[in-house]
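> heads up, no residue letters with this:
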């Protein structure tokens, strides 16, 4: 079955985020980003579970908070990493 969490693309992005976060020297920023990364994984797994349930129950649910959550958390992580890179360059 299709799974975002197990996809090569998501695992690549996850490893990339994780590596960048591990290189951050500011512990407060690092912990904050690790929390966002954990939220991202939780949203992805919840989305996968919901998708799996839809397949087995053959029903379609309207609205998708997990999809929006995934996009929002990714944006936050990417913005904070970009900001950190800018701070390091100046």
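Structure received. What you are looking at is a predicted structure, and each value in this text was computed from that prediction instead of being measured. Numbers count the residues shown, from 1 in each chain.

> Now residue 43: closest residue in space that isn't a chain neighbour?
Once flanking residues are discounted, residue 43 sits nearest to residue 69: 4.1 Å by Cβ to Cβ, 6 or more residues apart in numbering. Just so you know, the C-beta spots here come from the backbone N, C-alpha and C atoms, and that holds for glycine as well.

> Please verify my assumption that the one you found contacts residue 45.
No. The criterion here is Cβ atoms under 8 Å, and residue 69 misses it with residue 45 at 11.4 Å.

> of these two, who's got more company?
It is residue 69, of residue 69 and residue 45, that has more neighbours when counted by other Cβ atoms under 10 Å, with 17 against 14.

> Tell me both backbone torsions, phi and psi, for the more buried one.
Per-residue torsions, residue 69: phi -60, psi -40 (degrees, to the nearest 10).

> following whichever strand or helix holds residue 15, which helix or strand shows up next?
Per DSSP states H and E, residue 15 falls inside helix 8-22. Next along the chain after helix 8-22, taking DSSP H and E as the criterion, comes helix 27-57.

> Any figure for the gap between residue 8 and residue 55?
21 Å (Cβ to Cβ, to the nearest Å).

> meant to ask about residue 28
On the measure of Cβ to Cβ, residue 28 and residue 55 end up 41 Å apart.

> Report pLDDT for the spatially most central residue of the chain.
Closest residue to the average C-alpha location of the chain: residue 40 at 2.9 Å, with Cα atoms, centre = their mean. On the pLDDT scale, residue 40 is placed at 97.

> Do I have it right that it meets residue 72?
No. Residue 40 is beyond contact range of residue 72, at 9.5 Å (criterion: Cβ under 8 Å).

> circling back to that earlier point, tell me the buried residues in the helix holding residue 15?
For helix 8-22, burial by neighbour count (16 or more other Cβ atoms under 10 Å) applies to 10, 17, 20, 21.

> Thanks a lot, see you next time.
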